[in-house]
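Undergrad: here's a sequence, model it:
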Amino acid sequence: MPAAIAYPHVTADDPATARIEGTRYKVVQLAAEHFQHGWTAEELLRQHPDLRPEQVYAALAYFYDHRETILTALNSSASAAAAVRDAASLSRAELLKRRG
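TA: Numbering: from 1, shown residues only. Coordinates of the predicted model:
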């Protein structure tokens, strides 16, 4: 049986909801910025000055150890957002009709 890995600065019940301890940040949020925008740890620190280097590096280590699960969560939330956006988009005629 593999030994459990402890992640200082990260609390998690499951990989998709892991948070940086003592903050409002989810690991998935930093993972998205790192993975989708190509931000380095240093850029993440510039963008989030309230985080300490050890918190960012712990979040990135957690991301890479749970990469598939977190990327699946990112893709499903992006799909859900696209569905809401598509359902909410109205044509000009529909907007004028609602206006009365």
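Undergrad: only C-alpha atoms from now on, for both contacts and neighbour counts.
TA: OK.
Undergrad: residues contacting residue 25?
TA: Residues in contact with residue 25 (C-alpha atoms under 8 Å, 6 or more residues apart in numbering) are residue 19.
Undergrad: repeat for residue 21
TA: 9, 10, 11.
Undergrad: closest one to residue 52 out of the residues you listed, please.
TA: Residue 52 has its nearest neighbour among the contacts of residue 21 in residue 9, at 10.0 Å by C-alpha to C-alpha.
Undergrad: what about the nearest residue to residue 18 once chain neighbours are set aside, how many residues nearby?
TA: Once flanking residues are discounted, residue 18 sits nearest to residue 12: 4.1 Å by C-alpha to C-alpha, 6 or more residues apart in numbering. Counted with other C-alpha atoms under 10 Å, residues neighbouring residue 12 total 15.
Undergrad: now pLDDT too, for the contacts of residue 21, in a markdown table please.
TA: Formatted as a markdown table, these follow (pLDDT from 0 to 100):
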| residue | pLDDT |
| --- | --- |
| 9 | 93 |
| 10 | 94 |
| 11 | 92 |
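Undergrad: which of those has the most neighbours?
TA: Most neighbours among the contacts of residue 21, by other C-alpha under 10 Å: residue 10, with 20 neighbours.
Undergrad: okay, now the unreliable bits of this structure?
TA: 1-4, 77-88 (pLDDT under 70).
Undergrad: show me where the protein has strands.
TA: For the chain, the strands defined by DSSP state E occupy 10-11, 19-20.
Undergrad: just how off-centre is the last one within its chain?
TA: On the basis of C-alpha atoms, centre = their mean, to the nearest Å, strand 19-20 is displaced by 11 Å from the centre of the chain it belongs to.
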